[in-house]
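**Student:** whatever this is, show me its structure:
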Amino acid sequence: MSQAKTLPTAHIEALEGEIAKTVLMPGDPLRAKFIAENFLEDVTQFNGVRNMLGFTGTYKGVRVSVMGSGMGAASIGIYSYELFAFYGVENIIRVGTAGGLGGGVELKDVVIGMGACTDSNFLYQFEFAGHYAPIANYELLAAAVESAKELGTKVKVGNIMTSDVFYNDHSTAYDSWIKMGVLAVEMEAAALYSNAVNLGKRALAILTVSDMPLTGEATTAEERQTTFTEMLTVGLETAAKFG
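**Tutor:** Residues are numbered from 1 along each chain as shown. This next block holds a predicted model:
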């Protein structure tokens, strides 16, 4: 894997200095656009390659960027690596959606991923002799919990699960994860956490429960794109603490 590259990269067209030290990363690039238009001031767009939109602006006077990550470990693996390794980004806060599993999690709850179990082969590249446990950065985690308290937003903090599979053919695939206390399933956090640790950076996932795989309850695509403001505000307030 390449360790040095002249800007811009193969996937991000930003020039040096156009991306803030802290980046919020929703999976959906249109959610990145929504955040930029509704929460940030003095916004400029720094990326449009493959329509993976990226913007930089200010939140409460603090410079913050927001960029889509795409779906899955492979996609966020590329974008987070380039942001960390080539653009000097120090903090990435994933603000995304997840399927609620255990721990009393309900639709539209906000879940903060302290750890991220996974069935993905993304971690294979690191050649562990055993099984690595990807975890969030404690400073970001503590700041997010503090921000949620300040906002009066209830959050559930615990283990989440990063899966490579959205439509799982195995009907009991989540049973063991639920038994072991996993709160929610998503598709990116384990790769993000692993990249961050490998590169000496910080990462955190703040998630809104968009569906309940075991019951079939779900939010609409429009709700997922535009109405998860509690999660977004917690993420932005956390970002502001690292400005």
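**Student:** closest to the centroid, which residue in this structure?
**Tutor:** residue 94 (1.7 Å; Cα atoms, centre = their mean).
**Student:** now it, what's its secondary structure?
**Tutor:** For residue 94, the assignment made with DSSP: H, G, I helix; E, B strand; the rest coil gives strand.
**Student:** which SS state does the closest residue to it other than its chain neighbours fall under?
**Tutor:** Nearest residue to residue 94, sequence neighbours excluded (Cβ to Cβ, 6 or more residues apart in numbering): residue 205, at 4.1 Å. In this view, the C-beta of every residue, glycine as well, is placed from N, C-alpha and C. Going by three-state DSSP, the secondary structure assigned to residue 205 is strand.
**Student:** just checking, residue 205 touches residue 189?
**Tutor:** Yes - under the criterion of Cβ atoms under 8 Å, residue 205 makes contact with residue 189 at 4.0 Å.
**Student:** show me what the helix-or-strand element of the chain with minimal mean pLDDT is packed against.
**Tutor:** When the helices and strands of the chain are scored by mean pLDDT, DSSP states H and E, helix 221-226 comes last with a mean of 76. Other helices and strands packing on helix 221-226, by 3 or more Cβ pairs under 8 Å, 6 or more residues apart in numbering; DSSP states H and E, are helix 29-39, strand 202-212.
**Student:** mind listing the helices for the protein?
**Tutor:** Assigned by DSSP state H, the helices in the chain fall at 29-39, 73-86, 138-151, 175-179, 189-198, 221-226, 229-240.
**Student:** what about residue 103, how many residues close to it?
**Tutor:** For residue 103, the tally of surrounding residues (other Cβ atoms under 10 Å) stands at 16.
**Student:** ditto for the one 5 residues further on
**Tutor:** As a burial measure, residue 108 scores 16 neighbours (other Cβ under 10 Å).
**Student:** and it, how far is that from residue 207?
**Tutor:** 11 Å (Cβ to Cβ, to the nearest Å).
**Student:** likewise for residue 12?
**Tutor:** Per Cβ to Cβ, residue 12 is found 24 Å from residue 207.
**Student:** those two - which one has more neighbours?
**Tutor:** Here residue 12 and residue 207 are compared on neighbour count by other Cβ under 10 Å; more neighbours surround residue 207, at 29 against 24.
**Student:** OK, contacts around that one?
**Tutor:** 94-98, 110-113, 160, 184, 186, 231 (Cβ atoms under 8 Å, 6 or more residues apart in numbering).
**Student:** ok so, going back, in JSON lines, list the helices and strands packed on helix 221-226 along with distance to residue 104 and mean pLDDT.
**Tutor:** Formatted as JSON lines, these follow (distance: least, Cβ to Cβ, whole Å; pLDDT from 0 to 100):
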{"stretch": "helix 29-39", "distance to residue 104": "26", "mean pLDDT": "96"}
{"stretch": "strand 202-212", "distance to residue 104": "11", "mean pLDDT": "97"}
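**Student:** pick the most buried one from the ones you listed.
**Tutor:** strand 202-212 (a mean of 25; mean count of other Cβ atoms under 10 Å).
**Student:** now it against helix 189-198, angle please.
**Tutor:** 180 degrees (axes from the mean of the first three to the mean of the last three Cα atoms, to 10 degrees).
**Student:** so where is this protein shaky, pLDDT-wise?
**Tutor:** 1-5, 225 (pLDDT under 70).
**Student:** try it again at 80.
**Tutor:** Low-confidence segments of the chain (pLDDT under 80): 1-6, 224-227, 243.
**Student:** circling back to that earlier point, ok, which of the helices of the chain comes nearest residue 8?
**Tutor:** Across these, residue 8 has its closest neighbour in helix 73-86 (8.6 Å, Cβ to Cβ).
**Student:** the closest one packs against which elements?
**Tutor:** Under the contact definition 3+ Cβ pairs under 8 Å, 6+ apart, helix 73-86 sits against strand 22-25, strand 91-100, helix 189-198.
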